[in-house]
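Colleague: after the sequence you'll find the predicted model.
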Amino acid sequence: MKRWVSTVAAAGLVVAGLAVGGSAQAVGGHGNGGGRPGNETLQRWAEDTWASLAAMTDRATGLPSDNVTGDLQTVGAYTSPTNIGGYLWSAVTARDLGIIGADEARDRIATTLDTLETLERNDASGMYYNWYDPATGAKLTTWPDSGDPVHPFLSTVDNGWLASALRIVREAEPSLAAQADALYRTMDFSAFFNPEGAPALPAGTNRGGFWEVPPPDCSVAAPMYNGSGETAYYTCHHYDTTVSESRIATYLGIANGQIPPTALYGTHRTMPPGCDWDWQEQLPTGEYRTYDGFQVWEGVYSYAGMSFVPAWGGSMFEALMPDLLVPETTWGPRSWRLNHPITVAVQEYHGLEDAGYGYWGFSPASNPFGGYSEYGVDIAGMRSDGYFSDVEHTDIDVDHPGCSTGTNPDPEYGDGVVTPHAAFLALPYDREGAIDNLSRIETDLGAYGPGGFYDAVATGTGTIAERYLSLDQAMVMAAIGNALTGDTLKDYFVDRDMERLLRPAMRQQDFGSTW
């Protein structure tokens, strides 16, 4: 193995052996500039990242905008439940790192909670709509920029991130615990859960969300799954892949007793083997295993001698965002404990060796040349046509033995695009490598401004997406906070009921990931 692969393997096994979620020591408002090598750098990055989140948040409503320009002057005119949730846990983290005082943190969080109490929601589920005006809290029905219609949607994963933040607040800020808990307990995740499951997945699976009235595109009309008696117009797709950020909603539904723990067996590790599934990026290897009466294809992909469960698009945030809050490596000793560090190693190998960009970290983010794009390691995702790692959308297409011959098995990559938030997610598994990579992105590529790392940078041309996205900055804050405080966010997030209901099901899973 190359140096970065062996380093990540060692780091991952060490981290996975820690009692994550039970021994964190918060900084307690004094910052964390000394101690372990790299702490001062991480603290500086956190302070600047918080500046971007503060700049994009309306002080009257406590709602963050989705984005802000690189000079921290112009904010977007819309926000989402994910943005709001990320801001809440970022305020807690900023307090714990001593960036802001306890009074300011409490005031900021209280303002947001007060506004959340007034936002229009779906009465039958308690869930929040996907887009609001951050200045007024009004539900959006037209896009601020274009005037195009918005069809109000209730998103499974976006409500998951907001609910996660409410769990954190009720533990981290006792004076606001009752208010945060009351909001949390009104959110019914069984409204998203189809007990019949997706095709070939009988254990039950979450839909992507629902509308209250028929949208112009595909939907499935059905009685709301929570038994409310209301009709919902569900997405035609399910969240049917395991390595996905959407699993946060599954965890919450299980922890609340709203969906069964067997929902963990209702998603694909990979698509099944065989030529009928030849459209997926690789033909997987693996075996069938049975958990609580449900048969699961435990398939894996391979890259650079490593076997792993892939994400849909091969991006870092699909794999590692839930790991910011849930002690997955502790609760999943034969699944996430191996898969997470291997995911990091795959991203490092791709950026440093296979594609030769000199940098790594690939997740959906701002496009340096305008707009928004989905970045990832194509060969490490199930989607056959990428998330791509370069501007040119270089599409690898490998052989599927016995089924088809690859058209581009050994491509030449172009102008690679790295997204700094993705590298921050690797801190638990290769801290030294992540800090080195990010330091070079800051100094060599210049992708750094008054709000921390800009959202993305093309490594070949040096073109920078000079703006900040609320979601990506919130991931950065959470990753740094965990690194400097001993996983305090996980301590805040997890309670005994969650561990009792979720951990046994996670402990059973055996992904078959190997170095």
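Modeller: Happy to help now that I have it. All figures in this text were calculated on a predicted structure; none of them were measured in a lab.
Colleague: give me the distance from stretch 106-116 to the chain's centre.
Modeller: In terms of C-alpha atoms, centre = their mean, to the nearest Å, the centre of stretch 106-116 is found 24 Å from the chain centre.
Colleague: what's the average pLDDT for it?
Modeller: Average pLDDT, stretch 106-116: 98.
Colleague: for the residue nearest the centre of the chain, which non-adjacent residue is spatially closest?
Modeller: With distances taken as C-alpha atoms, centre = their mean, the residue of the chain nearest its centroid is residue 321 (3.1 Å). Among residues not flanking residue 321 along the chain, residue 245 sits closest, at 4.7 Å (C-beta to C-beta, 6 or more residues apart in numbering). No exception for glycine: its C-beta is placed from N, CA and C like everyone else's.
Colleague: quick one: that neighbour and residue 322 touch, right?
Modeller: Yes - the criterion here is C-beta atoms under 8 Å, and residue 245 meets it with residue 322 at 6.3 Å.
Colleague: mind listing the helices for the stretch 351-500 of the chain?
Modeller: 420-424, 431-443, 470-485, 488-493, 496-508 (DSSP state H, counting those that start in this stretch).
Colleague: what's the fourth one packed up against?
Modeller: Using 3 or more C-beta pairs under 8 Å, 6 or more residues apart in numbering; DSSP states H and E as the contact criterion, the neighbours of helix 488-493 among helices and strands are helix 81-96, helix 156-172, helix 470-485.
Colleague: and the shortest one, by the same measure?
Modeller: Judged by 3+ C-beta pairs under 8 Å, 6+ apart, helix 420-424 is in contact with helix 316-320, helix 431-443, helix 470-485.
Colleague: mean pLDDT and mean neighbour count added to those, as a markdown table?
Modeller: Below are the helices and strands packed on helix 420-424 laid out as a markdown table (pLDDT from 0 to 100; neighbours: other C-beta atoms under 10 Å):
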| stretch | mean pLDDT | mean neighbour count |
| --- | --- | --- |
| helix 316-320 | 98 | 27 |
| helix 431-443 | 98 | 19 |
| helix 470-485 | 98 | 26 |
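Colleague: next SSE downstream of the helix or strand hosting residue 206?
Modeller: Take DSSP states H and E as the rule and residue 206 turns out to sit in strand 205-206. On the C-terminal side of strand 205-206, the closest following helix or strand by DSSP H and E is strand 209-211.
Colleague: can you list contacts of that following strand?
Modeller: 130, 151-158, 191-192, 219, 224, 232-235 (C-beta atoms under 8 Å, 6 or more residues apart in numbering).
Colleague: mark which of those are part of strands, please.
Modeller: Using DSSP state E, 153, 154, 155, 232, 233, 234 are the members of the contacts of strand 209-211 that sit in strands.
Colleague: rewinding a little: the strand holding residue 206 - what's its average pLDDT?
Modeller: For strand 205-206, the per-residue pLDDT averages 98.
Colleague: likewise stretch 273-283?
Modeller: 96.
Colleague: now do the same end-to-end measure for that stretch.
Modeller: Distance between the two ends of stretch 273-283: 6 Å, counting by C-alpha to C-alpha, to the nearest Å.
Colleague: neighbours of residue 499, how many?
Modeller: Residues lying near residue 499 (other C-beta atoms under 10 Å) number 17.
Colleague: tabulate the helices of the stretch 351-500 of the chain (TSV), appending distance to residue 268.
Modeller: Supplementary listing: these in TSV, determined by distance: least, C-beta to C-beta, whole Å:
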stretch	distance to residue 268
helix 420-424	23
helix 431-443	29
helix 470-485	25
helix 488-493	26
helix 496-508	17
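Colleague: so which of those helices is nearest residue 183?
Modeller: Taking C-beta to C-beta, helix 488-493 is the member of those nearest to residue 183, at 15.5 Å.
Colleague: returning to what we had before: pick the one among the ones in strands among the contacts of strand 209-211 closest to residue 448.
Modeller: Once C-beta to C-beta is applied, the member of these that ends up nearest residue 448 is residue 155, at 31.4 Å.
Colleague: residue boundaries of the helices in the stretch 1-150 of the chain?
Modeller: Under DSSP H, counting those that start in this stretch, the stretch 1-150 of the chain gives helices at 3-16, 39-55, 81-96, 102-118.
Colleague: which of those has the lowest mean pLDDT?
Modeller: Among the helices of the stretch 1-150 of the chain, helix 3-16 carries the lowest mean pLDDT (a mean of 45).
Colleague: residues near the nearest residue to residue 378 once chain neighbours are set aside, how many?
Modeller: Distances taken as C-beta to C-beta, 6+ apart put residue 386 closest to residue 378, at 4.3 Å, once the chain neighbours are dropped. When neighbours are defined as other C-beta under 10 Å, residue 386 has 21 of them.
Colleague: can you pull the contacts of residue 386?
Modeller: 313, 314, 374, 376, 378, 393, 395 are the contacts of residue 386 under C-beta under 8 Å, 6+ apart.
Colleague: hmm, the first one is touching residue 376, no?
Modeller: Looking back up the chat, that one is residue 313. Yes - applying C-beta under 8 Å as the test, residue 313 and residue 376 come out as touching, 4.4 Å apart.
Colleague: mind listing the shared neighbours of these two?
Modeller: With C-beta under 8 Å, 6+ apart, residue 313 and residue 376 have common neighbours 364, 386, 387.
Colleague: just the buried members of the contacts of residue 386?
Modeller: 313, 314, 374, 376, 378 (16 or more other C-beta atoms under 10 Å).
Colleague: take those residues and lay them out in CSV including pLDDT and distance to residue 491.
Modeller: Output for the buried ones among the contacts of residue 386, formatted as CSV (pLDDT from 0 to 100; distance: C-beta to C-beta, whole Å):
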residue, pLDDT, distance to residue 491
313, 98, 31
314, 98, 31
374, 98, 32
376, 98, 30
378, 98, 36
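Colleague: which residue of the chain sits farthest from its center?
Modeller: The C-alpha centroid of the chain is most remote from residue 402, which lies 35.4 Å away (C-alpha atoms, centre = their mean).
Colleague: what segments of the stretch 201-350 of the chain are strands?
Modeller: Secondary structure of the stretch 201-350 of the chain (DSSP state E, counting those that start in this stretch): strands at 205-206, 209-211, 220-223, 231-234, 285-291, 294-303, 306-308.
Colleague: how long is stretch 179-193 from one end to the other?
Modeller: Note: stretch 179-193 ends 26 Å apart using C-alpha to C-alpha.
Colleague: how far does that stretch sit from the chain's center?
Modeller: 20 Å.
Colleague: buried ones in it?
Modeller: For stretch 179-193, by 16+ other C-beta under 10 Å, it's 179, 180, 183, 184, 187, 188, 189, 190, 191, 192, 193.
Colleague: stretch 447-461 now?
Modeller: Under 16+ other C-beta under 10 Å, the buried positions of stretch 447-461 are 447, 448, 449, 451, 452, 453, 454, 455, 456, 457, 458, 459.
Colleague: in the residues you listed, find the pair that's most separated.
Modeller: 451 and 459 (20.9 Å).
Colleague: in CSV, could you pull the C-alpha coordinates for stretch 210-223?
Modeller: Extracted C-alpha coordinates of stretch 210-223, given in CSV (Å, rounded to 0.1, in the frame of the first residue of the first chain):
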residue,chain,number,x,y,z
PHE,A,210,-43.5,14.1,-0.1
TRP,A,211,-45.7,17.0,-1.3
GLU,A,212,-49.1,17.9,0.0
VAL,A,213,-50.5,18.4,-3.5
PRO,A,214,-49.5,16.7,-6.7
PRO,A,215,-46.3,18.2,-8.2
PRO,A,216,-45.8,18.6,-11.9
ASP,A,217,-43.4,15.7,-12.1
CYS,A,218,-43.5,12.1,-10.8
SER,A,219,-45.2,11.3,-7.5
VAL,A,220,-47.0,8.4,-5.8
ALA,A,221,-50.2,9.3,-4.0
ALA,A,222,-50.7,7.2,-0.9
PRO,A,223,-52.2,7.5,2.6
